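> build me a model from this:
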Amino acid sequence: MRIDPLVFTALRSFFIGIIFLFLSLYFTRKHKTFNKVSWKWLVPIGVLGGGFAFWMYFSGLTMTFAGRAGFIHKTLPIWIGILAFIFLKEKLGKKMLIAMGVMLLGLVLMQLNNLGSEVRIGDLLILGATILWAIENILAKKVMMNKESNWVVTFSRMFFGSLVLFAVLLIVGKLDLIAKLSTEQALFIIISGILLFFYVLTWYWGLKYINLSKAATILLLAPVITLVLGMVWLNEKVFILQLIGSFLILLGGFFVAGSKSESRIKKQKILNEEELN
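Numbering: from 1, shown residues only. As a prediction, this is how the structure comes out:
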């Protein structure tokens, strides 16, 4: 069963965007804030992160190796950390930087067999997509810091992103593939859409409470989870470098989870000042 990746992503994003539209209307109805949202920031979140980034990623994936693509995508915390430091004024403490370095080293060890010295056009496209995702997350965190609802942010990311992907499908002449989907393919899109729904729900909701750089670093745990699932369900072989890399990622993740986000530090300072007064 093969589904065109753009069709797959566009349909999932569209239907999830519609769901979050209703959730946005429900959660903002009391304060009547939906008609006051900052569309000049929210639309780019969807266009860049939900649209063009996926187009570049899937285009690049056809021009390089999956392992290299996965490694380049996992450099997302680096770009987010740099941009968050510049535009969000997030402070990366020594403990956090060391933990990020340890996790990235673990990722390199896990993906060492998939890396090569030759740079392909596909690698550059995937790197560009990764940077666009970093920019998207910076914008999302910025508008939420300005009291924008995470429900509206999620709706914008998914819905406007799907419109870009549908436009791409129309331009490349693949829009008719939607009508040709089989029942099995449609069911697969629905199931994966449910999983994606909970991912974006928890991701943007979580961004309200912790630093973006910390949240992005936690995503580096994904290769370890994939490795374990592959061992359990697919009986895949595990090599020593993968085990060492997994250990380093888990070790770094432990310290990242224990580090305080800047917002939590500020909140604690306010509480301490109130107790002194």
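> for the record, mean pLDDT for whichever strand or helix holds residue 232?
Here residue 232, judged by DSSP states H and E, is contained in helix 222-234. Helix 222-234 shows a mean pLDDT of 83.
> equivalent analysis for stretch 142-151, please.
Mean predicted lDDT for stretch 142-151 stands at 90.
> ends of that stretch, what's the gap?
Using Cα to Cα, to the nearest Å, the end-to-end distance of stretch 142-151 comes out at 14 Å.
> may I have stretch 203-223 as CSV, with CA atoms only?
C-alpha atoms of stretch 203-223 as CSV (Å, rounded to 0.1, in the frame of the first residue of the first chain):
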residue,chain,number,x,y,z
TRP,A,203,3.2,19.7,21.3
TYR,A,204,1.6,23.1,21.0
TRP,A,205,-0.1,22.8,24.4
GLY,A,206,3.2,21.9,26.0
LEU,A,207,4.9,24.9,24.4
LYS,A,208,2.8,27.2,26.6
TYR,A,209,4.6,26.0,29.7
ILE,A,210,8.3,25.3,28.8
ASN,A,211,11.0,26.9,26.7
LEU,A,212,11.0,26.0,23.0
SER,A,213,14.6,24.9,23.0
LYS,A,214,13.9,22.5,25.8
ALA,A,215,10.8,21.1,24.1
ALA,A,216,12.7,20.6,20.8
THR,A,217,15.6,18.8,22.6
ILE,A,218,13.2,16.3,24.1
LEU,A,219,12.2,15.3,20.6
LEU,A,220,15.7,13.7,20.3
LEU,A,221,14.2,10.8,22.3
ALA,A,222,12.3,9.7,19.2
PRO,A,223,15.2,7.6,17.7
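> now do the buried residues in that stretch.
Judged by neighbour count (16 or more other Cβ atoms under 10 Å), stretch 203-223 contains these buried residues: 203-204, 207, 210-221, 223. From N, CA and C alone the C-beta is placed, and that goes for glycine too.
> nearest to residue 64, of those residues?
Nearest to residue 64 out of these is residue 223 (Cβ to Cβ; 17.7 Å).
> skipping adjacent residues, who's closest to that closest one in space?
residue 110 (5.4 Å; Cβ to Cβ, 6 or more residues apart in numbering).
> what do you get for residue 212?
Computed as Cβ to Cβ, 6+ apart, the closest residue to residue 212 that is not its neighbour in sequence is residue 141, at 4.5 Å.
> tell me the contacts of the one you found?
Counting by Cβ atoms under 8 Å, 6 or more residues apart in numbering, residue 141 touches 84, 88, 207, 212.
> report the inter-axis angle for whatever helix or strand comes next after the helix holding residue 232 versus helix 222-234.
Remark: after helix 222-234, the chain's next helix or strand is helix 240-258, criterion DSSP H and E. Orientation check (axes from the mean of the first three to the mean of the last three Cα atoms, to 10 degrees): helix 240-258 against helix 222-234 gives 130 degrees.
> which elements pack onto helix 240-258?
helix 94-110, helix 212-218, helix 222-234 (3 or more Cβ pairs under 8 Å, 6 or more residues apart in numbering; DSSP states H and E).
> hmm, who's touching it?
Helix 240-258 is touched from outside by 95-96, 98-103, 105-113, 214, 217-218, 220-221, 223-224, 227, with contacts defined as Cβ under 8 Å, 6+ apart.
> just the buried residues of these.
Using 16+ other Cβ under 10 Å, the buried ones in the contacts of helix 240-258 are 96, 99-100, 102-103, 106-107, 109-111, 214, 217-218, 220-221, 223-224, 227.
> can you count the residues close to residue 236?
Using other Cβ atoms under 10 Å, the number of residues around residue 236 comes to 13.
> and residue 106, how far from residue 151?
35 Å (Cβ to Cβ, to the nearest Å).
> kindly report the same for residue 186.
Taken as Cβ to Cβ, the span from residue 186 to residue 151 is 27 Å.
> neighbour count: those two, which is higher?
Neighbour count, other Cβ under 10 Å: between residue 186 and residue 151, residue 151 has more, with 21 against 13.
> any idea which helix or strand carries the more buried one?
helix 150-171.
> for residue 87, see how far away the residue nearest to residue 212 is.
Residue 141 is 9 Å from residue 87, by Cβ to Cβ.
> cool, and residue 234?
41 Å.
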